[in-house]
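In: 3D model of this:
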Amino acid sequence: MNGYEVTYLGDTLEGFTKTYEINFKEKNEEGEILNDFTVFPNILYSKDFSKIAASNPSTKHFLSKDIFTHVANLPRVEIEPEFAKEMEAALNYKEYQVSIGQNFQILDTIQITDLDTAVIRSYPARLISIDRKPSHPEYHAEKGDITVGATIAVQAEDTVYYAKPMLALRGQMLYGYPDHLKSITTKIKLEEGVFDQAFISEEVLDYKTISLKQGESVAFGKYDITFKGFNRNPVHPDYQAEEGDIAIGGIVQVSDNNQIYSAEPVYLIRGNRPFNLKDEVFELGLHIRFNKIDPKSETFELLVAQQNAAQPIFPVSVATNASRTDFIVFEAIEFQGINLFWIGSVAMLIGLFISMVVRMREKVLVNLSV
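Out: Just a heads-up that it's a prediction; the model follows:
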């Protein structure tokens, strides 16, 4: 960009203000960096996010020049909610049934109108994990929400992209939050059936009691379960701390051949009533509860159940015709010698001030002489 290498690093949205981070590198003919700086122009949305109310510039000052930058425009879907809904409705989703750790192929068909033909691209993908406490830039948690998310790796040429779609159940309403891999025009979402697999009914689980001391291991089917110790500040998706709580997390390690998995069920006393909050090893279908502690024998009781021999299958939908929106129309203006203008303006003001002082002094002297 006129002698500069300009990189759009990213953006952040706070309230109605979206701030863009744009890096400039000025290089000489040998490729050496002469100047390296970042500007932060922003735009202000209207309260209903239906239009851009203002575009605020960011300026970089130098001794001999100023560089004035601002965001001139955005993709249409970023500023027109109705058009964004139309684009979402036009997405062609294909559903895949996958288990954790399973590889699958995302097929992308590109129609070339001029040649009356089509090109099929294939992206290898893998369901990495299921998360009971996911995050998403568009999701804002409320008390009572039940959430589930996934991490899905998609490989395109030499780059691996990670999608993290999620679902949130709030009251009787289910909200979906797809993840948009903009670089490969791919959008991934979770289907409602994910809840059926991630939140299996307790009635179908046959818990077995395991007693062991800290550091001991016991066999559970083909797995080795080890009680590693305690966490006195547990974090659990179903636990919100209240005053007077006594909560302890049990750190459990599950070995499956050479694979090691971790779980941390929570034992809670609230108002003299004991509770246990289970943790799960989704990959193995294991449900683990920290049931009680026997201080005399220093023995800890775990309840362990396996939902079935087969891994749960999760429905994931993928659309490969999602338009790219990760771009901006950006302008930069270089004002050469702008500081000379400001110096001249300041000099004029100083001169005006001096002339006013001189005239006032002359006027005082004239009055005194009279």
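In: For burial, what's the neighbour tally of Ser211?
Out: 15 (other Cβ atoms under 10 Å). Where you see a C-beta, it was placed from the backbone N, CA and C, and this is true even at glycine.
In: where does it land in three-state SS?
Out: Assigned with DSSP: H, G, I helix; E, B strand; the rest coil, Ser211 falls in the strand class.
In: residue ranges of the helices in this structure, please?
Out: Taking DSSP state H to define them, one finds helices in the chain at 76-79, 81-89, 193-198, 338-369.
In: Which of those sits closest to Gln306?
Out: helix 193-198 (14.2 Å; Cβ to Cβ).
In: avg pLDDT for the closest one?
Out: For helix 193-198, mean pLDDT rounds to 85.
In: helices or strands up against it?
Out: Here helix 193-198 touches strand 146-156, strand 166-170, strand 314-319, going by 3 or more Cβ pairs under 8 Å, 6 or more residues apart in numbering; DSSP states H and E.
In: Looking at those strands, which is nearest to Ile328?
Out: Once those are compared by Cβ to Cβ, strand 146-156 is nearest, at 22.6 Å.
In: would you list the helices of the chain in TSV and tack on mean neighbour count and distance to Ser46?
Out: Output for those, formatted as TSV (neighbours: other Cβ atoms under 10 Å; distance: least, Cβ to Cβ, whole Å):
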stretch	mean neighbour count	distance to Ser46
helix 76-79	16	9
helix 81-89	12	11
helix 193-198	18	35
helix 338-369	10	33
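In: how about those helices in a markdown table, adding distance to Thr17?
Out: A markdown table is the format used below for those (distance: least, Cβ to Cβ, whole Å):
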| stretch | distance to Thr17 |
| --- | --- |
| helix 76-79 | 14 |
| helix 81-89 | 18 |
| helix 193-198 | 34 |
| helix 338-369 | 27 |
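In: quick one, which of these is nearest to Val39?
Out: Nearest of the helices of the chain to Val39, taken as Cβ to Cβ: helix 338-369 at 15.9 Å.
In: hmm, back to that, for Thr38, which of the helices of the chain is the nearest?
Out: The nearest among those, by Cβ to Cβ, is helix 338-369 at 20.2 Å.
In: Counting by contacts, list what the top strand by length along the chain packs against.
Out: Criterion DSSP state E: the longest strand present in the chain is strand 117-131. For strand 117-131, the contact count by 3+ Cβ pairs under 8 Å, 6+ apart identifies strand 103-112, strand 146-156, strand 314-319 as packing neighbours.
In: In CSV: those strands, plus mean neighbour count, distance to Lys51 and mean pLDDT.
Out: Output for those, formatted as CSV (neighbours: other Cβ atoms under 10 Å; distance: least, Cβ to Cβ, whole Å; pLDDT from 0 to 100):
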stretch, mean neighbour count, distance to Lys51, mean pLDDT
strand 103-112, 13, 33, 73
strand 146-156, 20, 32, 92
strand 314-319, 22, 27, 93
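In: Touching, Asp108 and Lys94? I think so.
Out: No - with contact defined as Cβ atoms under 8 Å, Asp108 does not reach Lys94; the gap is 10.0 Å.
In: Against Trp342, how distant is Leu63?
Out: Distance of Leu63 to Trp342, computed by Cβ to Cβ, to the nearest Å: 11 Å.
In: scratch that, Arg270
Out: Distance from Arg270 to Trp342, by Cβ to Cβ: 66 Å.
In: now do Gly176
Out: Taking Cβ to Cβ, one finds Gly176 at 54 Å from Trp342.
In: now Glu192
Out: In terms of Cβ to Cβ, Glu192 sits 62 Å off from Trp342.
In: Then Leu303?
Out: Distance from Leu303 to Trp342, by Cβ to Cβ: 75 Å.
In: try Tyr45
Out: 33 Å.
In: ok, now Ile152?
Out: Relative to Trp342, and taking Cβ to Cβ, Ile152 is found at 54 Å.
In: now Asp294
Out: 79 Å.
In: can you check Asn2 too?
Out: Taken as Cβ to Cβ, the span from Asn2 to Trp342 is 23 Å.
In: can you check Asp206 too?
Out: Counting by Cβ to Cβ - Asp206 and Trp342 are separated by 80 Å.
In: now the closest residue to Val316 other than its chain neighbours: how far from Phe230?
Out: In this structure, Val316 finds its nearest non-sequential neighbour in Tyr96, 5.1 Å apart by Cβ to Cβ, 6 or more residues apart in numbering. Separation of Tyr96 from Phe230 (Cβ to Cβ) stands at 40 Å.
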